[in-house]
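Engineer: Have a look at this prediction, sequence included:
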Protein chains: 2
Amino acid sequence: MKPVSVGICGLGTVGGGTFNILKRNAETISGRIGREIVVTQVGARHANPTCDLTGVSVTDDIFQVAKNPEVDVLVELIGGYDVARELVLTAIENGKHIVTANKALIAVHGNEIFAAAEKKGVTVAYEAGVAGGIPIIKAIREGLAANQIDQLSGIINGTGNFILTEMSQKGRDFADVLKEAQELGYAEADPTFDVEGIDAAHKLTILASIAFGVPLQFEKAYTEGISKVTPEDVKYAEELGYRIKHLGIAKLTAEGVELRVHPTLIHESKLIAKVDGVMNAVAVHGDGVGDTMYYGPGAGSEPTASAVIADIVDIARTFDANLEVRPAHLGFRPESIKDLDVLPIENVETSYYLRMAVSDHAGVMAKLTQILSDRDISIEAMVQKEAKGDAANATVVLLTHEVKEQVMNEAIAEIEALDDVAGKVSRIRAEHSE
Amino acid sequence: MKPVSVGICGLGTVGGGTFNILKRNAETISGRIGREIVVTQVGARHANPTCDLTGVSVTDDIFQVAKNPEVDVLVELIGGYDVARELVLTAIENGKHIVTANKALIAVHGNEIFAAAEKKGVTVAYEAGVAGGIPIIKAIREGLAANQIDQLSGIINGTGNFILTEMSQKGRDFADVLKEAQELGYAEADPTFDVEGIDAAHKLTILASIAFGVPLQFEKAYTEGISKVTPEDVKYAEELGYRIKHLGIAKLTAEGVELRVHPTLIHESKLIAKVDGVMNAVAVHGDGVGDTMYYGPGAGSEPTASAVIADIVDIARTFDANLEVRPAHLGFRPESIKDLDVLPIENVETSYYLRMAVSDHAGVMAKLTQILSDRDISIEAMVQKEAKGDAANATVVLLTHEVKEQVMNEAIAEIEALDDVAGKVSRIRAEHSE
């Protein structure tokens, strides 16, 4: 069979890894599918010292790759929104299949891009966009296709998980670990995307769509970062038998879709609570299969390239067939996508960890518990720590059962108004189910 | 599009689950692929009280299903070797695709069955045969297709993992937990297949083939059960920071393929060491992606049915296309399968945990360590427990670095010949890398 011809746009970390693995493992890959994959052209402004480009056409104009009649598959690894969108749409218009690692592009412009691809009869594949080397898109769209998936939760940002793991294992504080992560190259100079949960929300948006069959609705995702998590919270959570992880959580409920990224207490007995360091994991629950989990490196040159190439391989294997042999872009055929509402965070029901400083005298606990019981918020666990040394206040830590966020907001406002409570109540959501 | 017509042979636990999910989630499934899947005929000798077979043709002659011109896909869920083989070959001869959960059939007769299917232009799919609901076949053959996979290890028998978990968490002994597992329905009346590692070896054989591109060679797998693991071993291993799991391990080395199922010490920091109870997990290492792991229920009605249906869905989606759009049966095209040797266990290099009873006087340790150092076996950790109460002997526990099994056999023979050592040396292999 005629080789499949690939054009790579962007020859940075992931682009270089993709080029190098395609070369190194050419025999293994063609042995799997009975067809060669050849890199015909590279569009990049800078050379990559790890790549030997001998015999490959190189251009600094990526749009030349998108229009090159000899390219079958355009691999978009330039990142960002606007130029990437234009590049991908141009390549689609020119009849090329697309492989991308760009979760921001898919989460924000996916609906438009997929529609263009379907009109043109080409595929847009994005396995590398979510959880790096873990084949999670394939697992959900194909491996769990029998299931009504009702819930998924993921550690889908390695930087955030590295920071929380260090805080947990070494009692360090957020700012200190972030600085180290930046020095190690795990975190960007501007860490907002990672630590504020935007990157995770991009990935979660994609996962929720393919799991539940709903359109991409990134703008409705609730996003809360980890910068306010303190070493004290980590320690108290552990005393209660929990770990704090920065989870992306999506649920399909009778009221609508939950789509939220925030620090989350997870019981230490759950496998996902034990996923440490820069590693990623996604837990998926289906009505038939029950609980499953997928674990691996969420970033890095060759791990991400592994997912990029898996997509190229799928396209190469189905290259001569009708597009319908490929899974639908969003897991469901366009006519079966359900336009379900994303719930505002105020309408989400979850459990809460609350930490507050209270005056160390009788009667405070009675007032606190009264405020909660007035709203039918039941308490699962409570820890009270006496004031240490000169401190005027004791610390109270509570773990509640499930309650609607709006009701919890009212309870917290009333608690903070008590004379006996100093300052703000720290609140972290908790998941009992996964 | 015309619905895909399925005939189910065997309506027991998995067959019933398959029938019921196909009915319950019909809309979700057809929404994913744009095509209906209809059960046209069921071949079973007994009814399944969970299944409403109204409108479905039922026969007690499974070969009628294999020859039914209205059946596109035959789902083989009768289990066993000979009749299942005949049924599958008959259905292939009649041009039907096959979906099976029968790992024994694939591990033992797979080479023959795949050759027949390729000749006839049909697919034989067996995702449900390995690790129940975990889409591990898909992950390896497709999700990790970019990689040279060099190593995998799996907890791929839920019964064995349940027994070892109970021994670890409650200090119970093997026979006691086995009895409970039989009462709970986790273990068969004849537990040989599960606890002696035969079932795990069937699954490992399949995983190794699709990972490395080698033929199925079940008869060369090394198999050792868990019946000799004692609560003491579990306890000493934990003192050294390890858990004992019944692992199936496959490695691709310069000398050949390792294919072995045995109790294994794994360091507690590894995620797979934390997979407890009846759950399954498979860790896979590829040269590009690094370490990944896949976790979920390894057995049960609907979890296994989830995998059966994933295969049916794949066949339905590619139904009108040439067979080449489907992954190759063994992950690699037949002409690319490499006939590599499976190493005899004597030639495998691994680490060892050794436990022995020794006379409690000076000089014993010197003799022991001399025997090891004579063979360049270095010691990673050692624990000595003094004799308790009336016991004449102290216990010595050793953890060694990697050494060839044959050399360790000689060392153990020499140790057992010492006057100061009472009885046999207990030996359990250890994995540092996974």
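Structural biologist: Looks like it came in fine. Not measured: the values here are computed from a predicted model. Residues are numbered from 1 along each chain as shown, chains lettered A, B, ... in the order given.

Engineer: residue ranges of the strands in the stretch 301-434 of chain A, please?
Structural biologist: A:349-359, A:379-385, A:393-400, A:403-404, A:421-431 (DSSP state E, counting those that start in this stretch).

Engineer: what does the stretch 51-200 of chain A give?
Structural biologist: Remark: strands assigned in the stretch 51-200 of chain A by DSSP E, counting those that start in this stretch are A:57-59, A:73-76, A:97-100, A:124-125, A:149-155.

Engineer: mind giving me JSON lines with those and columns for distance to chain B?
Structural biologist: Yep, even glycine has a C-beta here, placed from its N, CA and C like the rest. Below are the strands of the stretch 51-200 of chain A laid out as JSON lines (distance: least, CB to the nearest CB, whole Å):
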{"stretch": "strand A:57-59", "distance to chain B": "22"}
{"stretch": "strand A:73-76", "distance to chain B": "13"}
{"stretch": "strand A:97-100", "distance to chain B": "12"}
{"stretch": "strand A:124-125", "distance to chain B": "12"}
{"stretch": "strand A:149-155", "distance to chain B": "9"}
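
Engineer: before we move on, back to that, want to try a markdown table for the strands of the stretch 301-434 of chain A, with mean pLDDT and distance to chain B as columns?
Structural biologist: Formatted as a markdown table, the strands of the stretch 301-434 of chain A follow (pLDDT from 0 to 100; distance: least, CB to the nearest CB, whole Å):
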| stretch | mean pLDDT | distance to chain B |
| --- | --- | --- |
| strand A:349-359 | 95 | 23 |
| strand A:379-385 | 91 | 22 |
| strand A:393-400 | 94 | 23 |
| strand A:403-404 | 97 | 28 |
| strand A:421-431 | 95 | 17 |
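
Engineer: now those strands as JSON lines including distance to B:Ala430?
Structural biologist: Formatted as JSON lines, those follow (distance: least, CB to CB, whole Å):
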{"stretch": "strand A:349-359", "distance to B:Ala430": "39"}
{"stretch": "strand A:379-385", "distance to B:Ala430": "38"}
{"stretch": "strand A:393-400", "distance to B:Ala430": "39"}
{"stretch": "strand A:403-404", "distance to B:Ala430": "48"}
{"stretch": "strand A:421-431", "distance to B:Ala430": "35"}
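
Engineer: got the ones you listed as CSV, with distance to B:Glu93 and mean neighbour count columns?
Structural biologist: CSV is the format used below for the strands of the stretch 301-434 of chain A (distance: least, CB to CB, whole Å; neighbours: other CB atoms under 10 Å in any protein chain shown):
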stretch, distance to B:Glu93, mean neighbour count
strand A:349-359, 56, 21
strand A:379-385, 61, 14
strand A:393-400, 62, 20
strand A:403-404, 60, 16
strand A:421-431, 52, 18
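
Engineer: Highest mean neighbour count out of the strands of the stretch 51-200 of chain A?
Structural biologist: strand A:73-76 (a mean of 29; mean count of other CB atoms under 10 Å in any protein chain shown).

Engineer: Tell me which residues are up against it.
Structural biologist: A:4-10, A:15, A:18, A:65-66, A:84, A:87-88, A:91, A:96-102, A:105, A:308, A:312, A:315-316 (CB atoms under 8 Å, 6 or more residues apart in numbering or on different chains).

Engineer: Nearest approach to A:Ala146 belongs to which of the strands of the stretch 301-434 of chain A?
Structural biologist: Evaluated over these, closeness to A:Ala146 peaks at strand A:421-431, with 24.9 Å, by CB to CB.

Engineer: got a pLDDT number for the closest residue to A:Val278 other than its chain neighbours?
Structural biologist: Once flanking residues are discounted, A:Val278 sits nearest to A:Gly158: 3.7 Å by CB to CB, 6 or more residues apart in numbering or on different chains. You'll see A:Gly158 listed with a pLDDT of 93.

Engineer: List the contacts of A:Gly158.
Structural biologist: So A:Gly158 contacts A:Gly132, A:Tyr186, A:Gly277, A:Val278, A:Met279, A:Asn280, A:Pro297, A:Gly298, A:Ala299 (CB under 8 Å, 6+ apart).

Engineer: make it 6 Å
Structural biologist: A:Val278, A:Gly298, A:Ala299 (CB atoms under 6 Å, 6 or more residues apart in numbering or on different chains).

Engineer: Stretch A:231-242 - what's its average pLDDT?
Structural biologist: 96.

Engineer: Give me the residues contacting that stretch.
Structural biologist: A:Met167, A:Ser168, A:Gly171, A:Asp173, A:Ile244, A:Leu265, A:His267, A:Glu268, A:Ala381, A:Val397, A:Leu399.

Engineer: Distance-wise, check the fourth one relative to A:Gly423.
Structural biologist: For A:Asp173, the distance to A:Gly423 (CB to CB, to the nearest Å) stands at 18 Å.

Engineer: Please apply the same query to the last one.
Structural biologist: Between A:Leu399 and A:Gly423 the distance, using CB to CB, works out to 20 Å.

Engineer: and the nearest residue to A:Met167 once chain neighbours are set aside, what element?
Structural biologist: Once flanking residues are discounted, A:Met167 sits nearest to A:Val234: 5.2 Å by CB to CB, 6+ apart. A:Val234 is part of helix A:231-239, with elements assigned from DSSP states H and E.

Engineer: any idea of the angle that helix forms with strand A:393-400?
Structural biologist: 50 degrees (axes from the mean of the first three to the mean of the last three CA atoms, to 10 degrees).

Engineer: Quick one: distance of helix A:231-239 to the chain centre.
Structural biologist: Average the C-alpha atoms of helix A:231-239, do the same for its chain, and the two points are 24 Å apart (CA atoms, centre = their mean, to the nearest Å).

Engineer: quick one: buried residues of it?
Structural biologist: Applying a neighbour-count criterion of 16 or more other CB atoms under 10 Å in any protein chain shown, one finds A:Pro231, A:Asp233, A:Val234, A:Tyr236, A:Ala237 buried in helix A:231-239.

Engineer: Those residues: which two are farthest apart?
Structural biologist: Checking the buried residues of helix A:231-239 with CB to CB, the most distant pair is A:Pro231 and A:Ala237, at 10.7 Å.

Engineer: circling back: pull up the pairing partners for the helix or strand just after the helix holding A:Val234, direction included.
Structural biologist: Counting by DSSP H and E, the next helix or strand C-terminal to helix A:231-239 is strand A:242-253. Using DSSP bridges, the strands paired with strand A:242-253 are strand A:149-155 (antiparallel), strand A:256-267 (antiparallel).

Engineer: Quick one: closest of these to B:Asp52.
Structural biologist: strand A:149-155 (23.6 Å).

Engineer: contacting residues around that closest one?
Structural biologist: A:161, A:207, A:211, A:245, A:247-252, A:275, A:280-286, A:434.

Engineer: Tell me how far it lies from the chain's centre.
Structural biologist: With CA atoms, centre = their mean as the basis, strand A:149-155 stands 10 Å off its chain's centre.

Engineer: ditto for stretch A:294-301
Structural biologist: 11 Å.

Engineer: Look at it and report the distance between its end residues.
Structural biologist: Separation of the first and last residues of stretch A:294-301 by CA to CA, to the nearest Å is 19 Å.

Engineer: Can you give me the buried ones in that stretch?
Structural biologist: A:Tyr294, A:Tyr295, A:Gly296, A:Pro297, A:Gly298, A:Ala299, A:Gly300, A:Ser301.
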